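Next comes the sequence, and after it the predicted model I'd like to discuss.
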Amino acid sequence: EGVLKGLEEKGYKNGENVTIDYQNANNQSADSDQIAKNMVAKGYNMIIAIATPAAVSAYSAAAGTNTNVIFCAVSDPVEAKLVSSLDAPGGNCTGTSDLLNLEAQLKMIRAFLPESKKIGILYTTSEANSASHLAQLKELAPGYGFEIVEQGVQSAADIPTAAASLAGKVDCIN
């Protein structure tokens, strides 16, 4: 809705002077890759990709073409190798980062749970953003007296089991 509103504010209205093709890969990387390849093959001027997996698919499909890629909901676009840097993205790919303030999260946990020692971290093993967050948390945690206990997941279906495996071993799950 925000993208549509922004386009309309600049004079672009779906069905009038711009065509928007909504696609959803439902968190299936092979489908995401195929959707992006089809969009590039159809000669789309731009792909707006929401979340890291879609952005990586779009970036790969658009490499070496005139198709621009705009991403959002990507926590670490540099680590995901979508851009060279946030200040100077380079190439045909740019967007916005939703990078989390992990230090603020640790401060909040310490304030709400002053006796806590172990934080359970669920992370997606196949996502660069998730691995990057885990590494940052591991680096910051000792400064707040925390030990990080990690539990990787491959898909949303793995989350309940992974969370259950952390329960009782940690003071909170982040």
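Arrived safely, thanks for sending.

Just list the residues touching Ala51, thanks.
Ala73, Val74 (CB atoms under 8 Å, 6 or more residues apart in numbering). The way it works is simple: take the backbone N, C-alpha and C, and place the C-beta from them, glycine included.

redo that, cut-off 10 Å
Ala25, Asn27, Ser32, Phe71, Cys72, Ala73, Val74, Ser75, Asp98, Glu127, Asn129 (CB atoms under 10 Å, 6 or more residues apart in numbering).

just Arg110 next, same as before
So Arg110 contacts Ser116, Ile119, Tyr144, Gly145, Phe146 (CB under 10 Å, 6+ apart).

still on that earlier bit, now secondary structure, pLDDT and distance to Asn174 too, for the contacts of Ala51, in TSV please.
Conversion of those to TSV gives the following (DSSP: H, G, I helix; E, B strand; the rest coil; pLDDT from 0 to 100; distance: CB to CB, whole Å):
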residue	secondary structure	pLDDT	distance to Asn174
Ala25	coil	94	27
Asn27	coil	80	21
Ser32	helix	95	27
Phe71	strand	95	24
Cys72	strand	92	23
Ala73	strand	89	19
Val74	strand	91	20
Ser75	coil	87	14
Asp98	coil	87	16
Glu127	coil	80	16
Asn129	helix	78	15
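
hmm, back to that, grab the two from the contacts of Arg110 that are most spread out in space.
Taking CB to CB, the two most distant members of those are Ile119 and Gly145; they sit 10.5 Å apart.

So between these two, which is more surrounded?
Applying other CB atoms under 10 Å to Ile119 and Gly145 shows that Ile119 carries more neighbours, namely 24 against 11.
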